[in-house]
Each structure stands twice: as C-alpha cells, then as structure tokens.
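S.K.: Predicted structure and sequence below. I'll ask about it afterward.
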Amino acid sequence: MEIKKYLKELGIKFKEFNHPAVFTCEEADKYNKEIKGIHSKNLFIKDRKSKIFYLLIMPAEKKLYMKELETILKDKVKFANEKNLKNILNLTAGAVSPFGLINDKSNIVKIIIDKEIWNSDFVSFHPNINTETLELIKEDFHKYIKSLKNELIIF
C-alpha cells in the first residue's frame, strides 16, 4: 500500500517536502531547513543469525554505539543487507524509514525508537522514496506506529 494513502486512511495529516534524491543525513541537511522538528537516521539491522530484524530510529546527529544497542537488545547485531531491506520492507538504501513498515506483512521487524525521536513535537521521514520527506506531529507519528503490529521498543 502506498504510505500517503495509508496515512490519510488513519486520519493522519502530514506536510510534504520535495527535494533531490538524498542517501545520507548529511545530504538531507542541505534540503531540510524548512522541515520542523528533529531529523532522524533510520537503520535496518539484524541479529547475527538473520532471524530477527530491527528498524532503529534515532536522532541524525547521535552516534550509534553497537555495543550499547546489543546490551539493550540482549543480542549481537549487524547491519542488514540490501537484499534483506528489499525483501522485507520493499525499500532501497537511502529510503529507509518507519513508513516502510507497512510493507512488513509478517510483522517480523521490531521497531526501536530513541526517546528523543518519540518525544519530539515534530518528526520527518522519507515516504519510502528518497526524493520526498513527510513532516508529522508527534501524536500522528505515535498513531501511525501504533497502527502497526510490530513490536515497539523505546529507549
């Protein structure tokens, strides 16, 4: 399902921003000056046996410490590959966001959200394509996440 249609069906409002394709947070910074709220990085990771997958959503400027994450998850993890990303979330590198979770029909991906993102008044993510960004208010982001059947971890 197309994410904008899904959001509208949930009664979620969003502001849309179009920009050139971006593949990193640094590239996105050039175009997101008008976008309110915290900017994030979205990382698709998996356990070492490729049985458990996670979507990690954290502030763009925050450094990821894998050992700290492994302590929280009580599991050894590494970055998932592009094949996993395509097969599970139907996304390509540069377009990873929580909106891709609508493609996780088996709800196998666990969502891990940094509390700074969860508590932000505004959030913004690519709508499964890296040439657009959607801005949502906190309550609508929470509504979207809770509409999914995926396990949620806030840290």
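M.R.: Good, I have the coordinates. Numbering: from 1, shown residues only.

S.K.: Quick check: the residue of the chain most remote from its centre vs Leu7, distance?
M.R.: Note on the chain: the largest C-alpha distance from the chain mean falls to Lys49, namely 22.3 Å (C-alpha atoms, centre = their mean). Noted for Lys49: a distance of 34 Å to Leu7, by C-beta to C-beta, to the nearest Å. Heads up, the C-betas are built off the backbone N, CA and C, glycines and all.

S.K.: cool, and Ile129?
M.R.: To Leu7, Ile129 is 14 Å away according to C-beta to C-beta.

S.K.: higher neighbour count, these two?
M.R.: Between Ile129 and Leu7, Leu7 has the larger neighbour count (other C-beta atoms under 10 Å), namely 21 against 15.

S.K.: quick revisit: any idea how far the residue farthest from the centre of the chain is from Lys76?
M.R.: For Lys49, the distance to Lys76 (C-beta to C-beta) stands at 9 Å.

S.K.: The protein: strands as residue ranges?
M.R.: 15-18, 40-47, 53-59, 77-79, 109-113, 122-125, 132-137, 152-154 (DSSP state E).

S.K.: As JSON lines, these with mean neighbour count, mean pLDDT and distance to Lys146 would be great.
M.R.: Putting the strands of the chain into JSON lines (neighbours: other C-beta atoms under 10 Å; pLDDT from 0 to 100; distance: least, C-beta to C-beta, whole Å) gives the following:
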{"stretch": "strand 15-18", "mean neighbour count": "12", "mean pLDDT": "96", "distance to Lys146": "21"}
{"stretch": "strand 40-47", "mean neighbour count": "20", "mean pLDDT": "96", "distance to Lys146": "18"}
{"stretch": "strand 53-59", "mean neighbour count": "21", "mean pLDDT": "98", "distance to Lys146": "15"}
{"stretch": "strand 77-79", "mean neighbour count": "15", "mean pLDDT": "97", "distance to Lys146": "24"}
{"stretch": "strand 109-113", "mean neighbour count": "20", "mean pLDDT": "98", "distance to Lys146": "10"}
{"stretch": "strand 122-125", "mean neighbour count": "22", "mean pLDDT": "96", "distance to Lys146": "14"}
{"stretch": "strand 132-137", "mean neighbour count": "21", "mean pLDDT": "96", "distance to Lys146": "13"}
{"stretch": "strand 152-154", "mean neighbour count": "13", "mean pLDDT": "97", "distance to Lys146": "8"}
